[in-house]
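Participant: got a structure for you, letters missing:
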């Protein structure tokens, strides 16, 4: 009796729930929010992974770039298209003739979030020294700096060990943000990591939820002011699945989505209210080869493999045209890039080289790993497999998550490492040295030189280039060209493609200008909504 | 002789019940078909090369047509071919994973049932522990630690599945143990392992085989789920779960990409489960008579 | 009764103990270098050496296990390699969304499954029975991740009725801030009378909850059917029927009461199964729960997180089973006496 009664209640609840569901479904299209007038101007950015892992800007080295560049600022900002630096927290700067002393004049009246403290040279010195001292993220970019002087509150002087290009370091998208020294000192060293911020940027942290929304609201005392059209709030949403992200764009639930897969972009093209914007990026797909293990320890075999990669097919089919074949090891658009320095797909030549190397008709097997979840890379690998089969090379492809594949590549025993691994590389700051030193400089303990390449001549040339870049960039570019010619001939690494950044945007979002030096950053202060 | 006749009559009655249930019959037809398809895949498939290494970028993502019954994938491979070849993988994984579970589970169950006492108590608590993990969860955890591969999928499913067989065979062994011929053998001083091997094992296997055949559907589903999570076969292997996982990027524009591999999983699992359910109905007198 | 409870509790503790043994084994003994996996990322040689000491990998296995247990009990479940937060804190943050989804799914399953089971039992071997059997077997056979996509294709892609994924629209949530009480958006918005969020969250809930309902629906239907068939011949069913009390009344009042025990058992079982099922469903619906946390952890080889989730789900399973058994004992004196 009692139980039957309980079932009745349950049924009632269910019917109610169902009725509500149907009713709600009916009005879902309209969206109840539109009835309220005081709705804030919100911009929604879709990220395929959690936007912030490291809240501390000194530690960040990954996706954080999209958030940190909204809440923090650097002294200057680099525009690689015009090859110019824009003043931000510094109004101007100068460099001594020997390139060893750089002086920055700071903007007056810049306030930090929450505390209202004014930004001074003390904060700059503190931020840089703190980044170096923590030694996380990309702190190595400050290597050229010998010491930092603060003659007065609005002047900072960097003394260098060698004439490096400090402007690109100061403008770095990571590791060069200025934090509120007083706030950090007051709250302690780990306060920022615990999910706080102390920046000068246009937006300040309101709330964040793991795996959910990261909400930022405008900083009323921002030094540029809030005249004109701007967003009140910006929201970063974590949407790992590209199909969902694409649908949110189509339904107008999000304003900007970088990193959609090529097929999702193509699916969105021509949909009402959605615009597709292409921009160059410095992201390249590289395939370091195991130069310490047979048969790839033979330069001729590596060259043969380089000739067997179906570059055009990969760009057109796997990437649906969202990339261009790489030339050299420095991406197009970054100074130091070398034109006309690439392998073409030439299977006859590849076979010839294999015979010369003592492998007529191929007849060996190679293991290639790629990061799981990266669909475009998987397709590239499958296309390589089909092409290599035609020169008699059996390619086994294995998806591994990034950590596993990296661990495997760093195995102290070269015989245990994979033969080829594929991954995306992009420089942390606008300096070709970043690519060269990480991937091709002789390394005692392997970190990113995953081809285990070692060539004293290459080491020497790239270091010379770095040390002249601060005073004579033309000479540095010439040296970088020489380095790349040697590397391409030695072929320790497959250079597959430079990815284009393709953004899906709502057409109502105006003012967005992608900058390859700040991968995927929206700079929402410049954006506003018009129409819709 | 009379015993034999009774057994025959029983079998005949079971077969009658089995046949009477049209759903079960339909399920068994699909199972037979599936096995035939798996065996004959290289001859049935219109483009056998597409199952592994071939790519044809010029005919990527074509909708279903007479040339490509299930359409093509993003590298221009025929999905019909790939789904056909996928049946081989699913059936192989099913057979080996269950085989492995039996290999672990049967000896443990026999030991527990035959020796009883502390041995029984300890082994059954171990079973309890393993049964405290939903099978998918345990497989996921093991696969994550071993790394993604088809072999590891089979191992992880085998490890997650054995306690069910141990339980079953233990209860069978308990009842067989008390029967005359076992007691006689033991009294005659035959070694325990010989008794288990000669007398207990043959008399306990029937229900285990029935149970194993009923589990086939769940095992295929678990394997496909692991494939979907990216922990199973690696591309370009045409494993069904992996096909659905890859096709997910395309499913709103190219509906056929996830639909057919998913349908294949569904049909295969459904067929095995219908057969399993039919067998259960027959072997359970309560539901049979009411 | 008390003896039974004590025995059952003791057994539960033993099993929980065993569960930690298994996870210990998977986490520390199977991998070739557990320390490197524990640190994750790009560990330096010193980091690995430190982790080795921290995990006690230089000690014999039983000492390692004791240390592992000690860490678990102190709430030190390691740090997620991907999110850099303590695993336990992550799980606490993601669990409410999953629980909301699972309970909604089971509710739908019960509401549909019980009548279907009754129909099946009362019209045994007739067309409705075959239909119900097909539904119940189909529901446990369908790959949930595939069902999820089919539902999205239909209700979002073609009909445009329901959202594709997520828990609530961003703009709605920002316009009508939700006070966090239980962590369930539906319950919290209901308690605070936040209607816009409630209706919006409800539309987001429909498809994932329906998907999650499939497996429990199959089990509940079958269990209702078989337990009804079992009691159908009993006197307390036959007699009232003979007195002319309508069939529906008899079944709902008397027969179902008897089927309550098995139904509770099945609910306990499906709860644990659903927890594992979220691994497959949440990522499709972009549902920020434990399942999505787990599937992303799998992709990024986040071992501490994977093992944390495994442990939580297994322990939940054991505890739910324990609770189910205790409820059954309370409902049915026969079990108590047997115990």
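Facilitator: Great, that's in hand. Everything numeric here is computed off the predicted structure, so don't read it as measured data.

Participant: where does pLDDT dip in the stretch 51-200 of chain B?
Facilitator: Scanning the stretch 51-200 of chain B for pLDDT under 70 picks out nothing.

Participant: which residue sits closest to the residue in chain B that chain A sits nearest to in space, ignoring its chain neighbours?
Facilitator: Per C-beta to the nearest C-beta, residue B:57 is where chain B lies closest to chain A, at 3.8 Å. All C-beta atoms are positioned from the backbone trio N, CA, C, and that covers glycine. When the adjacent residues along the chain are set aside, residue B:57 lies closest to residue A:317, with 3.8 Å between them (C-beta to C-beta, 6 or more residues apart in numbering or on different chains).

Participant: distance-wise, check the one you found relative to chain C.
Facilitator: Computed as C-beta to the nearest C-beta, to the nearest Å, the residue A:317 to chain C distance reads 24 Å.

Participant: can you give me the neighbour number for that residue?
Facilitator: Burial measure for residue A:317: 24 neighbouring residues, criterion other C-beta atoms under 10 Å in any protein chain shown.

Participant: isn't it right up against residue B:75?
Facilitator: Yes: counting by C-beta atoms under 8 Å, residue A:317 touches residue B:75, with 6.8 Å between them.

Participant: so which bits of the stretch 201-350 of chain A are right by chain B?
Facilitator: Contact residues (C-beta under 8 Å from any C-beta of the partner chain) of the stretch 201-350 of chain A with chain B: A:241, A:242, A:243, A:246, A:247, A:261, A:263, A:264, A:267, A:313, A:316, A:317.

Participant: 6 Å instead?
Facilitator: A:242, A:243, A:261, A:263, A:267, A:313, A:317 (C-beta under 6 Å from any C-beta of the partner chain).

Participant: of those residues, closest to chain B?
Facilitator: Among those, residue A:317 lies closest to chain B (C-beta to the nearest C-beta), at 3.8 Å.

Participant: the closest one touches residue B:55, doesn't it?
Facilitator: No: counting by C-beta atoms under 6 Å, residue A:317 sits too far from residue B:55 to count as a contact (7.9 Å).

Participant: show me the shaky parts of the stretch 1-150 of chain A.
Facilitator: For the stretch 1-150 of chain A (pLDDT under 70), the answer is A:1-38.

Participant: is chain B within reach of the longest helix belonging to chain C?
Facilitator: For chain C, the helix with the greatest residue count under DSSP state H is helix C:195-232. Yes: against chain B, helix C:195-232 shows contacts by C-beta under 6 Å from any C-beta at C:229, C:230, C:232.

Participant: residues contacting the one residue sitting closest to the centre of chain B?
Facilitator: Nearest to the geometric centre of chain B sits residue B:216, at 2.3 Å (C-alpha atoms, centre = their mean). Under the criterion of C-beta atoms under 6 Å, 6 or more residues apart in numbering or on different chains, the neighbours of residue B:216 are B:94, B:272.

Participant: helix or strand: which one has it?
Facilitator: helix B:201-228 (DSSP states H and E).

Participant: for whichever helix or strand comes after that helix, packing partners?
Facilitator: Note on helix B:201-228: by DSSP H and E, the next helix or strand toward the C-terminus is helix B:240-247. Here helix B:240-247 touches helix B:201-228, helix B:256-283, going by 3 or more C-beta pairs under 6 Å, 6 or more residues apart in numbering or on different chains; DSSP states H and E.

Participant: how big is the angle separating helix B:240-247 from helix B:256-283?
Facilitator: For helix B:240-247 against helix B:256-283, the angle by axes from the mean of the first three to the mean of the last three C-alpha atoms, to 10 degrees is 150 degrees.

Participant: quick one, helices of the stretch 351-500 of chain A?
Facilitator: A:375-389, A:402-409, A:432-440, A:456-469, A:473-490 (DSSP state H, counting those that start in this stretch).

Participant: kindly report the same for the stretch 51-200 of chain B.
Facilitator: Assigned by DSSP H, counting those that start in this stretch, the helices in the stretch 51-200 of chain B fall at B:79-115, B:117-131, B:135-146, B:150-177, B:180-187, B:192-195.

Participant: gap between the fourth one and the chain center?
Facilitator: For helix B:150-177, the distance between its averaged C-alpha position and the chain's averaged C-alpha position is 13 Å (C-alpha atoms, centre = their mean, to the nearest Å).

Participant: before we move on, back to that, my guess is the residue of chain B closest to chain A meets residue A:316, correct?
Facilitator: No: between residue B:57 and residue A:316 there is no contact under C-beta under 6 Å: 7.1 Å.

Participant: who's more crowded, those two?
Facilitator: A direct count of neighbours by other C-beta under 10 Å for residue B:57 and residue A:316 places residue B:57 higher, at 18 against 15.
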